[in-house]
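Engineer: Structure for this input, please:
(one chain, ligands or ions: 1)
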Amino acid sequence: MSKVKIRKAVIPAAGLGSRFLPATKAIPKEMIPIIDVPMIQYIVEEAVRSGIEDIILITARHKEAIENHFDLNYELEDSLDKRQKDELAQVSREIGRMCNLISIRQKVPSGLGHAVLCAAPVIGNEPFAVLLADDLIDSKVPCTRQLIDIFEEEAASVVGVMEVSRNDVSKYGIVGGKMVNTRLMQVDRLVEKPLAAEAPSRWAIPGRYVLSPTIFDCLRQTQPDRANEIQLTDGLQLLAKREKLFAYQFEGTRYDTGDRLGFIDATLAFALKRPALASEVKALMRRHLGDE
Ligand code: G1P
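Structural biologist: Purely as a prediction, here's the structure:
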């Protein structure tokens, strides 16, 4: 398994985005921009910078804007060319050529595990990455690349983790197991959104996975939860019984862009990282805070 190159990534994007209504009434939540780049583009860029070639987008009705975004737009690019807006034309073309996007419809909202299982016919018998579009991770080495490196070293599946407070364990899939070193754990238990008292650790999975194709078999055997959804975390618990599974504490900052405050946090952080915006954004912030 270690010699297999990881070329495919699954990005589930079938959710209704109800936490961002009314913005998501007519546009997919994945297309809401952090400054001027749609959230999903940051995720696709992370995958591409990690060596991924094929993106399998798990989608639903009313999500066509995502497919259009990663396509060429001749009319727009031609018009930008004619107006000598070369840089913008190039930006648009680069997004269109960034990856090979394959979309599959998840026809019923049956959970994250079910969404990943929808990709099985395209993935076949290869290991692959999963990136959740609500989790934006800013890091020098892309988070998915860090996980692929562990996958190659250990020849086993790996989930990215970050340490969270006791109060926050109930928001995430939580792992438990034996520490290999300060950043790496061999996982033997996973619990989806446990109560603080029942969490096996404070290591939470913020939506990054590199998985062996055995996960598909595990997901087929996974029982739906009380909400009648098949959870990826429950499928991973079965995987940990059949094969080795690791959790790796990646380096980087994660933003929960599916949450209003996390979205504002990411917007400010990314604006301050842009040389053309940083000083004016700081001045705006000072003005709003009443220091000027
Ligand atoms: C999902 C997963 C959970 C994971 C989280 C990361 O939950 O089920 O295990 O920790 O994403 O964002 P959701 O936030 O979609 O309810």
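Engineer: who in the chain is up against the ligand?
Structural biologist: For the chain, the residues in contact with the ligand (CB under 6 Å from any ligand atom) are 112, 132, 134-135, 172-173, 192, 204-207, 231-233. Bear in mind the C-beta positions are built from the backbone N, C-alpha and C, glycine included.
Engineer: Can I get those in JSON lines including pLDDT and secondary structure?
Structural biologist: Below are the residues of the chain next to the ligand laid out as JSON lines (pLDDT from 0 to 100; DSSP: H, G, I helix; E, B strand; the rest coil):
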{"residue": "Leu112", "pLDDT": "97", "secondary structure": "helix"}
{"residue": "Leu132", "pLDDT": "98", "secondary structure": "coil"}
{"residue": "Asp134", "pLDDT": "94", "secondary structure": "coil"}
{"residue": "Asp135", "pLDDT": "97", "secondary structure": "strand"}
{"residue": "Tyr172", "pLDDT": "97", "secondary structure": "coil"}
{"residue": "Gly173", "pLDDT": "97", "secondary structure": "strand"}
{"residue": "Glu192", "pLDDT": "96", "secondary structure": "strand"}
{"residue": "Ala204", "pLDDT": "98", "secondary structure": "strand"}
{"residue": "Ile205", "pLDDT": "98", "secondary structure": "strand"}
{"residue": "Pro206", "pLDDT": "96", "secondary structure": "coil"}
{"residue": "Gly207", "pLDDT": "96", "secondary structure": "coil"}
{"residue": "Gln231", "pLDDT": "97", "secondary structure": "coil"}
{"residue": "Leu232", "pLDDT": "98", "secondary structure": "helix"}
{"residue": "Thr233", "pLDDT": "97", "secondary structure": "helix"}
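Engineer: Of the residues you listed, keep whichever come out buried.
Structural biologist: Buried members of those, scored by 16 or more other CB atoms under 10 Å, are 112, 132, 134-135, 172-173, 192, 204-207, 231-233.
Engineer: closest point of the stretch 51-200 of the chain to the ligand, which residue?
Structural biologist: Proximity to the ligand, evaluated over the stretch 51-200 of the chain using CB to the nearest ligand atom, is greatest for Gly173 at 2.6 Å.
Engineer: show me what contacts the spatially closest residue to that residue that is not a sequence neighbour?
Structural biologist: Nearest residue to Gly173, sequence neighbours excluded (CB to CB, 6 or more residues apart in numbering): Thr233, at 3.7 Å. Thr233 makes contacts with 113, 173, 190-192, 205, as judged by CB atoms under 8 Å, 6 or more residues apart in numbering.
Engineer: Surely Pro109 is in a strand?
Structural biologist: No: according to DSSP: H, G, I helix; E, B strand; the rest coil, Pro109 belongs to no strand; its state is coil.
Engineer: That one and Ala14 touch, don't they?
Structural biologist: Yes: with contact defined as CB atoms under 8 Å, Pro109 reaches Ala14; the gap is 6.8 Å.
Engineer: out of those two, which sits in the more crowded spot?
Structural biologist: Ala14 (23 against 14; other CB atoms under 10 Å).
Engineer: quick check, that one in a strand?
Structural biologist: No: according to three-state DSSP, Ala14 belongs to no strand; its state is coil.
Engineer: quick one, what contacts it?
Structural biologist: Applying CB under 8 Å, 6+ apart, the residues near Ala14 are 58-60, 63, 105-106, 109, 115.
Engineer: Top of those by number of neighbours, please.
Structural biologist: Neighbour max across the contacts of Ala14 (other CB under 10 Å) = Ala115, 27 neighbours.
Engineer: Excluding chain neighbours, what is closest to that residue?
Structural biologist: Closest to Ala115 by CB to CB, 6+ apart is Pro12, at 4.0 Å.
Engineer: For beta bridges, what are the partners of that neighbour?
Structural biologist: Beta-bridge pairing for Pro12 (DSSP bridges): Ile58.
Engineer: Do you know the pLDDT at it?
Structural biologist: We note a pLDDT of 97 for Pro12 in this prediction.
Engineer: go on, Asp291?
Structural biologist: 61.
Engineer: Renumber starting at 48 from here on
Structural biologist: Done: numbering now begins at 48, and the last item shifts to Asp338.
Engineer: What segments of this structure are helices?
Structural biologist: With DSSP state H as the criterion, the chain has helices at 86-96, 111-116, 121-129, 133-144, 159-164, 167-170, 190-201, 261-268, 279-289, 307-320, 325-335.
Engineer: Out of the ones you listed, which is closest to Val227?
Structural biologist: helix 190-201 (8.7 Å; CB to CB).
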